[in-house]
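Q: following is a predicted model, sequence given first.
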Amino acid sequence: MTPPPRRRTPWCTLRAGAAALAGVILGLAVSGCWVEEVPEAERNARSIVGITNAVQAMLDSSAIAWNDGRIDGFMDDYVESPGTTYIGGAGLVEGWDAIYERYAPLFAPEADRDSLRFVDLKVRRLSATLALATARYILYAEDGRTIASGPFTLVLRKVGRDWRILHDHSSSDPAPGEQ
């Protein structure tokens, strides 16, 4: 048995069909892949809100660890590196281990350590992995009296999904009568 003769489709019909199919595919691709341009200022604002929320959560966790007497929880916020630095009233402290040793006496069982909270946080994004934060710390007694307070600046590095302190510069407000 011989196969039936093939019917030939005119060339112009094939071309028109291919063009129609290409038009449908292109239309679907364009409509399915439409991306609205988000202005840079809006992207930056969203980014700052996200970083600020993350840094606020980190500081809240740090204050809880301080108030519970858990130095390891408090130090979790610092990048564990010899390049991590702290500047306070006693000067420059270099390296995570040295910063740990600087805080360790405040976490000793017999240490008199007031409660800690942070206020007035402001964050600026410096790059995809660096941010600058300013805020104030307040150390307060059980009766709510402020014992010490002051401004601080943090340089933060994104480590995985978290923001960690790379540099901490903390200052103390003058004591009453010293102003």
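A: Everything's here; your move. Computed from a predicted model, the values in this text were never measured in an experiment. Numbers count the residues shown, from 1 in each chain.
Q: now do the longest strand belonging to the chain, average pLDDT.
A: Criterion DSSP state E: the longest strand present in the chain is strand 146-159. Strand 146-159 carries an average pLDDT of 96.
Q: which strands border it, and is each parallel or antiparallel?
A: strand 130-140 (antiparallel), strand 162-170 (antiparallel) (DSSP bridges).
Q: how about the ones you listed in JSON lines, adding mean neighbour count, distance to T85 and mean pLDDT?
A: C-beta coordinates here come from the backbone N, C-alpha and C atoms, glycine included. Conversion of these to JSON lines gives the following (neighbours: other Cβ atoms under 10 Å; distance: least, Cβ to Cβ, whole Å; pLDDT from 0 to 100):
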{"stretch": "strand 130-140", "mean neighbour count": "18", "distance to T85": "14", "mean pLDDT": "97"}
{"stretch": "strand 162-170", "mean neighbour count": "19", "distance to T85": "5", "mean pLDDT": "97"}
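Q: what would those strands look like in JSON lines with distance to P151?
A: Below are those laid out as JSON lines (distance: least, Cβ to Cβ, whole Å):
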{"stretch": "strand 130-140", "distance to P151": "5"}
{"stretch": "strand 162-170", "distance to P151": "8"}
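Q: quick check: which of those is nearest to T84?
A: Distance to T84, taken as Cβ to Cβ, is lowest for strand 162-170 among the strands paired with strand 146-159, at 5.8 Å.
Q: chain center to that closest one: distance?
A: Relative to its chain's centre, strand 162-170 lies at 11 Å (Cα atoms, centre = their mean, to the nearest Å).
Q: the longest strand of the chain: how far from the chain's middle?
A: On Cα atoms, centre = their mean, the centre of strand 146-159 falls 14 Å from the chain's centre.
Q: could you work out the end-to-end span of stretch 127-145 for me?
A: 39 Å (Cα to Cα, to the nearest Å).
Q: wait, stretch 104-122
A: 28 Å.
Q: show me what the mean pLDDT comes to for that stretch.
A: 93.
Q: list the buried residues in the longest strand of the chain.
A: For strand 146-159, the neighbour count (16 or more other Cβ atoms under 10 Å) marks 152, 154-157 as buried.
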